[in-house]
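Chemist: The following block contains a protein sequence and its predicted model.
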Amino acid sequence: MRRVLSPVTLGGLALPHRVVMGSMHLGIEDRDDGGAALAAFYAARAAGGAGLIVTGGSAVNRVGTGGVHYSVVGEREHAPRLARVAEAVHETGGLIALQLFHAGRYAFAASFGLRPVAPSAVPSRFSPDPPRALTGAEIAATIDDFARGAATARRLGFDAVELMGSEGYLLNQFTSAVTNRRDDGWGGDAARRRAFPLAVLAAVRDAAGADFPVLYRMSGADLMDGAPDTDEVLALARELARAGAAALNVGIGWHESRVPTVQAVVPPGTWAPYPARIRAAVAGAVPVIASNRINRLAQAEQLLAAGDADLVSLARPFLADPELIARSRAARPVNVCIGCNQACIDRSLADEPVSCMVNPAAGRELSLLPAAGFADPGAAVADATRAGGGERGRDRRRYAVVGAGPAGLAAAHALATAGERVVLYEAADEPGGQFRLARLVPGKADYGATIEYYAAELAALGVELRLAHPVGPDDRAELAGCAGIVLATGVLPRPVDLPGADGPNVLTYPQAFAAADRLGERVVVVGGGGIAVDLAHLLSHGRTDGDERNRFRAEHGLAAPLGVTGGRQVTLLRRGPRIGTGIGRTTRWALLAALRRRGVLLRTGVRYDRITPAGVLLAGADGPELVPADTVVVAAGQLPADALRPMIAELAVPYRVVGGAADGAVDAVTAFAAGAEAGRALRHESAPAPTP
């Protein structure tokens, strides 16, 4: 990783490496804590080696907010919080840029009772509130708001600003004929559509000072019908470079686009050609930053080596691991972002506090990390703990965690990083629980990296992992001697009460995942939840001669078609009205669209009669209907695997039941968070009383 970890100068800022931490709205920007939680979040990333951090978007005025929890750089009550963020990052040796933001037609009237504004009165599929067109005077006032925002950012201690001109927000809306239908100085042809972002850049540079770096987040491709073509995109890049942008950070796609851009179904590196074109167009006049679906430094190194970009922007990977840079430098395991979106983007779009599935401490650094024994929120594992010395030299208590799925791994990690002794029992021959199935699904191989990360971390922390060890009565005495127990034994497949469900052609979903390459050519899945969708994705995916990036581009009309062979004919059947219930809002539509492209049949509102050797017989108003199948897979939900609960309850030892074992739900976000919180709660509950 010689290139990605090499120093670089950006707009006069000396950066220690070529990784920029990208902007993420966190949903805590307006929290009434003086900015403490926000500062702790960014400080943890700076302490973990992040060089230049770009904050979540700070709106330049109230009508431009993306939600009720956004900060507004021009409003007095937000200034102390923002100043505290800049100070905290500087105290840990980092640099930070404030992103200046305006949602335009992507704003919501419900946030502050203000109707969204836009270049033209063109509704969006993202916001339910049709915008009104900005007047000429309002455009001038908005330019002034950006300028004042930049001056305020400098006064509050930020090292730079970034203008948000991508992802379909206001600056981007002005550049597109889809949303800019004006015929004045701000629209009418491509050159006039570029006038607004260029005017904003000029005003910002003038207000903040020529020596204050201004990054511009531009759209490499809107992925919308009628969007600017490549020539227009490159013309904007050249003009931004000439106008003094310190760097061009290249984003991809609008929120309304029907092409996925950041979901796990998008292969890493898919968008590399777009910053590469822009870099060639500006010919070294300004550094170009690549972003979107880069989740490992090794991928970033490849992009830089290929000449596709000068720097890379990683956002969600810093949610997953605040020590991403420090760990990479030290060749330690990194907690990889798996692209699930469930605790981050999905929550952000719903105006909820953001976290991370595989790192539940993200966004909760003040509540989870200090409780694990860290005074510094950026230090995930204290040296004394790694050496086995325990917390402040005290005697270490022994805890048992039963089950090494997501909840159990998180609980063991929370206890071990606090300096406790942990024995982790797992009935299978490897840890991971349901993640062992998820990693088999196309686009979800990184779920296996989560297992590897936790296994390596727990080993380094001295956790005793007992694999192929189903806990039973013989373990009672050992468990009774523990300070606390976490029961995280996961779930069991829910059986269906149908005639024929015990037939030789019927498999449970774990059996189907294990034998995916040996199933019949026609597969019917009884059930339509997230696991059923994943299984259908796996079975219908097939093979192609090209790599997965080219295949993805071809499937979405961005490259020449590729041949695909070997996909099975799959049918999903569900009694309810909706396939994919429980899948996050930014992922469900992309998965279902992929299934439809591959010919998967999605049927809802069905009534089952029986399962036969020939398939599944449905009851209908016009008589029975056979859905033919060589293999029938039952994926109709889960039951808690909680058979050990009575035995553990009898031990008179503090315990917690978490994850699927608690209620049968297979929600990994909840499981990881509940595991971490259980470890924290048990430590407090089992702590010895203070000496009088």
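Modeler: Noted; the coordinates are in hand.
Chemist: Name the helix or strand of the protein that has the lowest mean pLDDT.
Modeler: Here the helix or strand of the chain ranked lowest by mean pLDDT, DSSP states H and E is helix 383-386, holding a mean of 34.
Chemist: Tell me the helix or strand right after that one.
Modeler: strand 398-402 (DSSP states H and E).
Chemist: what pairs with that next one, and is each one parallel or antiparallel?
Modeler: Applying DSSP bridges to the sheet, strand 398-402 is found paired with strand 421-425 (parallel), strand 484-487 (parallel).
Chemist: Which one of these lies nearest to Gly339?
Modeler: strand 421-425 (26.7 Å; Cβ to Cβ). C-beta coordinates here come from the backbone N, C-alpha and C atoms, glycine included.
Chemist: helices or strands next to the next helix or strand along the chain from that closest one in the packing?
Modeler: For strand 421-425, the following helix or strand on the C-terminal side (DSSP H and E) is helix 435-438. Counting contacts by 3 or more Cβ pairs under 8 Å, 6 or more residues apart in numbering; DSSP states H and E, helix 435-438 packs against helix 446-460, helix 509-514, helix 530-540.
Chemist: residues in contact with the first one?
Modeler: Outside of helix 446-460, the residues that reach it under the criterion Cβ atoms under 8 Å, 6 or more residues apart in numbering are 264, 295, 333-339, 358, 381, 386, 406, 409-410, 412-413, 416, 422, 424, 430-432, 435-436, 438-439, 441, 465.
Chemist: Among those residues, name the buried ones.
Modeler: 264, 295, 333-339, 358, 381, 406, 409-410, 412-413, 416, 422, 424, 431-432, 435-436, 438-439, 441, 465 (16 or more other Cβ atoms under 10 Å).
Chemist: got the buried residues for stretch 57-75?
Modeler: By 16+ other Cβ under 10 Å, the buried positions in stretch 57-75 come out as 57-67, 69-74.
Chemist: circling back: return the subset of the buried ones among the contacts of helix 446-460 lying in helices.
Modeler: Among these, the members falling in helices (DSSP state H) are Pro406, Leu409, Ala410, Ala412, His413, Ala416, Phe435, Arg436, Ala438.
Chemist: tell me the contacts of the second one?
Modeler: I take that to be Leu409. Contacts of Leu409 (Cβ under 8 Å, 6+ apart): Leu424, Pro431, Gly432, Ile451, Tyr454, Leu458, Phe672, Gly675.
Chemist: The first one too?
Modeler: The neighbours of Pro406, taking Cβ under 8 Å, 6+ apart as the test, are Gly433, Gln434, Phe435, Thr450, Gly659, Ala668, Ala671, Phe672, Gly675.
Chemist: now it: how far from Cys340?
Modeler: Using Cβ to Cβ, to the nearest Å, Pro406 is found at 12 Å from Cys340.
Chemist: And the second one, by the same measure?
Modeler: Distance check for Leu409 against Cys340: by Cβ to Cβ, it reads 16 Å.
Chemist: Just the strands from the stretch 1-150 of the chain, written as ranges.
Modeler: Counting by DSSP state E, counting those that start in this stretch, the stretch 1-150 of the chain has these strands, from start to end: 8-10, 13-15, 19-21, 52-54, 58-59, 71-72, 95-101, 117-118, 132-133.
Chemist: returning to what we had before: which members of the contacts of Leu409 are the farthest-apart pair?
Modeler: Pairwise over those, using Cβ to Cβ, the maximum falls at Leu424 and Phe672, 14.9 Å.
Chemist: Mind jotting down where the helices sit in the stretch 501-650 of the chain?
Modeler: Assignment of helices within the stretch 501-650 of the chain using DSSP state H, counting those that start in this stretch yields the ranges 509-514, 530-540, 548-555, 585-597, 645-649.
Chemist: Mind listing residues that contact the fourth one?
Modeler: Helix 585-597 is contacted by residues 258, 260, 262-265, 340-342, 345-346, 349-350, 533, 536-537, 540, 555, 570, 572, 579-580, 583, 602 when judged by Cβ under 8 Å, 6+ apart.
Chemist: Mind listing what's buried along it?
Modeler: For helix 585-597, the neighbour count (16+ other Cβ under 10 Å) marks Thr586, Thr587, Arg588, Ala590, Leu591, Leu592, Ala593, Ala594, Leu595 as buried.
Chemist: Please apply the same query to stretch 300-310.
Modeler: Ala300, Glu301, Gln302, Leu303, Leu304, Asp308, Ala309, Asp310.
Chemist: Just confirm the third one is within a strand.
Modeler: Translated: Gln302. No. According to DSSP: H, G, I helix; E, B strand; the rest coil, Gln302 belongs to no strand; its state is helix.
Chemist: And it, what's its pLDDT?
Modeler: pLDDT recorded at Gln302 is 97.
Chemist: Near the closest residue to it other than its chain neighbours, how many other residues are there?
Modeler: Closest residue in space to Gln302, ignoring its immediate chain neighbours: Gly269 at 7.2 Å, by Cβ to Cβ, 6 or more residues apart in numbering. Applying other Cβ atoms under 10 Å, we find 22 other residues in the vicinity of Gly269.
Chemist: Isn't Gly269 up against Ala298?
Modeler: No. At 10.5 Å, Gly269 does not count as touching Ala298 under the criterion of Cβ atoms under 8 Å.
Chemist: pLDDT below threshold where in the protein?
Modeler: Across the chain, the ranges flagged by pLDDT under 70 are 369-394, 686-692.
Chemist: Show me it divided up by domain.
Modeler: Under automatic domain parsing, the residue ranges defining each domain of the chain are 8-345, 381-492+640-686, 495-636.
Chemist: Looking at these, spot the one closest to Met1.
Modeler: Going by Cβ to Cβ, the one of the domains of the chain nearest Met1 is domain 8-345, 4.9 Å.
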